[in-house]
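Chemist: Here is a sequence together with a model predicted from it:
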Amino acid sequence: MIVVHGGAGAWGTERWKSGVAGVKDAAKAGFRVLKTGGSALDAVEAAVMCMEDNEVFNAGFGSTLALDKRIEMEASIMDGKTLNAGAVGLLKDIKNPVHLARLVMENTDHVFLVADGAEKLADLYGLARREPLTEFRLRRWRELTQKLKNGEMKPLPKLTKLLQSHPNLFDTDTVGAVALDKDGNTAAATSTGGRALKLPGRIGDSPLIGCGTYADNKAGACSTTGIGEVAIRLVLAKTTCDFMCARRSAQQAAESSIRLVNHRIMLKSSMGLIAVDTQGRVGAAHNTPNLCWTYMMSKMRQPKADMRAKVMLGSKPIVEKTWENANL
């Protein structure tokens with residue numbers, strides 16, 4: 001089985017159709033790998049690469065712009081069987097950052113490479129490059145920087161106040177996938193263009209093992225999306241896997257993690273995540289208006305997708321809608 005997300009946040013209704021179609025395509029790409037006997041690791045890489053090639057998502061082609069108009073992409077991948085992992089950050093124009101993350105995992109003695117070091121490795125293996133800037137992201141950058149120039153953010157210098165007053169100001173979309181293969185092995189992968197108007201050099205949770213991505217055959221796999229600083233502080237992907245290791249289902253673990261976010265982080269802590277446990281159960285939860293996501297497993301002809309999973313606020317769910325009746 002495979003579970004895919006295209007980002008948590010406030011998705012404009014005009015983007016719902018393309019978002020749902022995009023995550024479905026990614027799930028199909030990953031499930032084809034599993035159906036032909038491929039590994040969970042191969043499946044999550046294929047799914048995330050599919051979304052990196054789709055401009056509707058903030059990853060690869062279509063990544064957001066930093067404050068100084070540069071693009072700095074990041075990604076990670078992890079094998080639940082071996083606990084091997086690879087991650088990359090501060091990439092300028094690598095077509096598929098998640099593939100480079102896998103090269104780091106399999107062909108170096110390291111876990112995390114950034115900037116020139118990562119780019120040189122990409123050149124060594126002949127990875128394709130592509131200009132990631134799109135008209136949508138450029139237009140979005142202009143809108144946000146104009147607000148800065150107009151002084152609309154001047155009274156709100158602190159991130160906490162800014163997010164409380166403008167919760168939809170920053171694009172926080174991230175893409176990710178988790179999978180369980182026929183041999184019981186798990187894997188997870190996550191990729192993003194980062195946060196819109198971020199300070200140059202900022203690295204979020206997506207390439208940080210345990211924060212944005214984690215997989216362990218003794219528990220399951222998790223990929224997070226939202227405000228990276230929140231996931232980093234709570235080591236959220238590993239925390240979710242720890243919940244599953246403690247015999248909670250993937251859905252229970254996902255809900256527990258979002259409750260933890262709501263209780264422990266004192267800011268507009270927009271987060272979402274997907275998970276799969278070793279029993280093949282799906283989990284998805286978020287505290288944002290939307291989570292673009294889908295899943296596919298054996299005996300299903302098509303992926304099931306939705307723009308919401310279970311929305312959590314405080315300790316109680318505010319939307320009684322789970323993956324079991326997602327039906328877009």
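Modeler: Received the coordinates, thanks.
Chemist: Strands of this structure, start to end?
Modeler: 2-9, 73-79, 85-91, 112-114, 175-180, 186-192, 213-216, 220-226, 271-277, 282-286, 290-296, 304-306, 310-313, 316-317 (DSSP state E).
Chemist: so can I have TSV of these showing distance to Ala43 and mean pLDDT?
Modeler: (Glycine included, C-beta is placed from N, CA and C.) Output for those, formatted as TSV (distance: least, CB to CB, whole Å; pLDDT from 0 to 100):
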stretch	distance to Ala43	mean pLDDT
strand 2-9	6	95
strand 73-79	11	97
strand 85-91	16	97
strand 112-114	23	98
strand 175-180	4	98
strand 186-192	7	97
strand 213-216	12	98
strand 220-226	11	97
strand 271-277	11	97
strand 282-286	15	97
strand 290-296	10	96
strand 304-306	17	96
strand 310-313	24	82
strand 316-317	29	48
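Chemist: Let's have the ones you listed in JSON lines, adding mean neighbour count and distance to Glu143.
Modeler: Shown next, in JSON lines, are those (neighbours: other CB atoms under 10 Å; distance: least, CB to CB, whole Å):
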{"stretch": "strand 2-9", "mean neighbour count": "30", "distance to Glu143": "16"}
{"stretch": "strand 73-79", "mean neighbour count": "32", "distance to Glu143": "21"}
{"stretch": "strand 85-91", "mean neighbour count": "27", "distance to Glu143": "25"}
{"stretch": "strand 112-114", "mean neighbour count": "20", "distance to Glu143": "29"}
{"stretch": "strand 175-180", "mean neighbour count": "34", "distance to Glu143": "23"}
{"stretch": "strand 186-192", "mean neighbour count": "34", "distance to Glu143": "20"}
{"stretch": "strand 213-216", "mean neighbour count": "30", "distance to Glu143": "30"}
{"stretch": "strand 220-226", "mean neighbour count": "33", "distance to Glu143": "21"}
{"stretch": "strand 271-277", "mean neighbour count": "31", "distance to Glu143": "24"}
{"stretch": "strand 282-286", "mean neighbour count": "29", "distance to Glu143": "25"}
{"stretch": "strand 290-296", "mean neighbour count": "28", "distance to Glu143": "20"}
{"stretch": "strand 304-306", "mean neighbour count": "21", "distance to Glu143": "28"}
{"stretch": "strand 310-313", "mean neighbour count": "20", "distance to Glu143": "27"}
{"stretch": "strand 316-317", "mean neighbour count": "12", "distance to Glu143": "33"}
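Chemist: these two touch, right, Asn287 and Leu273?
Modeler: No: shown here, Asn287 and Leu273 do not form a contact pair, counting by CB atoms under 8 Å, at 10.4 Å.
Chemist: anything in contact with each of those two?
Modeler: Ile258 (CB atoms under 8 Å, 6 or more residues apart in numbering).
Chemist: Of the strands of the chain, give the one that comes closest to Gly201.
Modeler: Proximity to Gly201 (CB to CB) singles out strand 85-91 among those, at 7.1 Å.
Chemist: what's in contact with the closest one?
Modeler: Defining contact as CB under 8 Å, 6+ apart, one finds that strand 85-91 is touched by 72-79, 94, 97, 100-106, 108, 111-115, 118-119, 122, 201, 203, 207-209, 213.
Chemist: list the contacts for the residue lying closest to Arg102 once chain neighbours are set aside?
Modeler: What sits nearest to Arg102 in space, not counting adjacent residues and going by CB to CB, 6 or more residues apart in numbering, is Ile77, at 5.1 Å. The contact partners of Ile77, taken as CB under 8 Å, 6+ apart, are 41, 44-45, 48, 85-87, 98, 101-102, 105, 187-190, 213.
Chemist: any idea how far Ile77 lies from Phe112?
Modeler: 12 Å (CB to CB, to the nearest Å).
Chemist: Kindly report the same for Asn84.
Modeler: Applying CB to CB to Asn84 and Phe112 gives a distance of 13 Å.
Chemist: re earlier: quickly list what the residue nearest to Arg102 is bridged to.
Modeler: Gly86, Ala189 (DSSP bridges).
Chemist: Tell me what angle the longest helix seen in the chain forms with strand 2-9.
Modeler: In terms of residue count, the longest helix belonging to the chain (DSSP state H) is helix 13-35. Per axes from the mean of the first three to the mean of the last three CA atoms, to 10 degrees, the angle that helix 13-35 makes with strand 2-9 is 160 degrees.
Chemist: from the chain's centre, how far out does helix 13-35 sit?
Modeler: Distance of helix 13-35 from its chain centroid, counting by CA atoms, centre = their mean, to the nearest Å, is 14 Å.
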